[in-house]
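Colleague: Sequence and predicted model, in that order:
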Amino acid sequence: MTKLLIDECLSGKLALMARDRGHFESSHVVWIGKAGWKDWQLKPLLLSEMWVLVTNNSKDFRGPKEDPGSSGQFAGLSWQPGLICLNLPPEMSRERQLELFARALNELEIDGDLTNQVLEINSVGDEYPIEILRYDLPKKTI
């Protein structure tokens, strides 16, 4: 199963949901003593311990949505363990976070290997449909 680390900006209930769904090593940034860590501080931890980060700070890790990998913490890497982006408004309810994360976990049941991939679950609000995107990062070259 996938080792998921929930970013500080999201509810710890997501880590509990992940564990309930079989991702037993999942945790929350606060639970592992990394509260307040900056993105650049988390990056080496994610890479060395093979955590798949779950965040809503998508741009900070994958760069702009129009050109993923052009900037952000994962720019210039030849390998990364995976990234799950829950793209939702800042005022998003905990219930909507859980709903979007459940969709991400459903995708992991289909294909649990996110190595060099980003899984984005997009929603503009509680009342709107959810969009699911999965793509390579770093981009594959021919």
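Modeller: Perfect, I can see it now.
Colleague: which stretches of this structure have low pLDDT?
Modeller: 125-127, 141-142 (pLDDT under 70).
Colleague: Which parts of it are helices?
Modeller: Secondary structure of the chain, counting by DSSP state H: helices at 13-20, 39-49, 58-62, 94-110.
Colleague: Convert the shortest one to CSV, retaining C-alpha atoms only.
Modeller: Spelled out, that is helix 58-62. C-alpha atoms of helix 58-62 as CSV (Å, rounded to 0.1, in the frame of the first residue of the first chain):
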residue,chain,number,x,y,z
SER,A,58,-0.2,22.1,-5.4
LYS,A,59,1.7,24.9,-7.1
ASP,A,60,4.4,24.8,-4.3
PHE,A,61,5.3,21.3,-5.3
ARG,A,62,4.3,20.7,-9.0
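Colleague: quick revisit: check the helices of the chain for me and report the most buried one.
Modeller: helix 58-62 (a mean of 21; mean count of other Cβ atoms under 10 Å). The way it works is simple: take the backbone N, C-alpha and C, and place the C-beta from them, glycine included.
Colleague: and residue 3, how many residues sit next to it?
Modeller: By the criterion of other Cβ atoms under 10 Å, residue 3 has 17 neighbours.
Colleague: Okay, it and residue 40: tell me how far apart.
Modeller: 21 Å (Cβ to Cβ, to the nearest Å).
Colleague: Then residue 66?
Modeller: 23 Å.
Colleague: and if you look at residue 94?
Modeller: 28 Å.
Colleague: Could you pull up the contacting residues of the spatially closest residue to residue 121 that is not a sequence neighbour?
Modeller: In space, not counting the residues next to it along the chain, residue 121 is nearest to residue 100; the distance is 4.6 Å by Cβ to Cβ, 6 or more residues apart in numbering. Residue 100 sits next to 86, 88, 121, 123, 130 when contact means Cβ atoms under 8 Å, 6 or more residues apart in numbering.
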